[in-house]
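# here is my input, please return the structure:
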Amino acid sequence: MQYVCESLKVDSESRAVQPFPKSPHIEAVVRVVKHVNSDSLLAESAISDSEILVEFENDVTYKKDDVIFFEGELSFKFL
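Model prediction:
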């Protein structure tokens, strides 16, 4: 996930919605697994069985096990 500019802590189940067909825009609820640096974190998501990297446009202070909602751009890089 990239270009996340809006996010907030929530009390909700993990989910992901792509409201605009064929668009990279996504709305998701994820659980934070690890804070990577000031503007990135690893999260568990309904999108993948693997952890995903979420990159924010600004610094974030979320901690492990926080559940957050955000809107951003979905982008996959297979390793």
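# show the pLDDT at the residue nearest to L74 when sequence neighbours are not counted.
Closest residue to L74 apart from its sequence neighbours, by CB to CB, 6 or more residues apart in numbering: I26 at 4.4 Å. Any C-beta I mention is one placed from the backbone N, CA and C, and that applies to glycine too. pLDDT for I26: 88.
# distance-wise, check S48 relative to I68.
For S48, the distance to I68 equals 16 Å [CB to CB, to the nearest Å].
# of the two, which one has the most company?
Applying other CB atoms under 10 Å to S48 and I68 shows that I68 carries more neighbours, namely 20 against 11.
# what's across from that one in the sheet?
Residues in a beta bridge with I68, per DSSP bridges, are K9, V30.
# please report how far it lies from A43.
8 Å.
# now the common contact residues for the two.
V30, V32 (CB atoms under 8 Å, 6 or more residues apart in numbering).
# where does pLDDT dip in the protein?
Applying pLDDT under 70 to the chain picks out residues 77-79.
# ok, now which ones touch the residue nearest to L74?
Contacts of I26 (CB under 8 Å, 6+ apart): M1, A16, V17, Q18, I47, E71, G72, E73, L74.
# leaving out chain neighbours, which residue sits closest to the fourth one?
Which is Q18. Per CB to CB, 6+ apart, closest to Q18 is I26, 5.4 Å.
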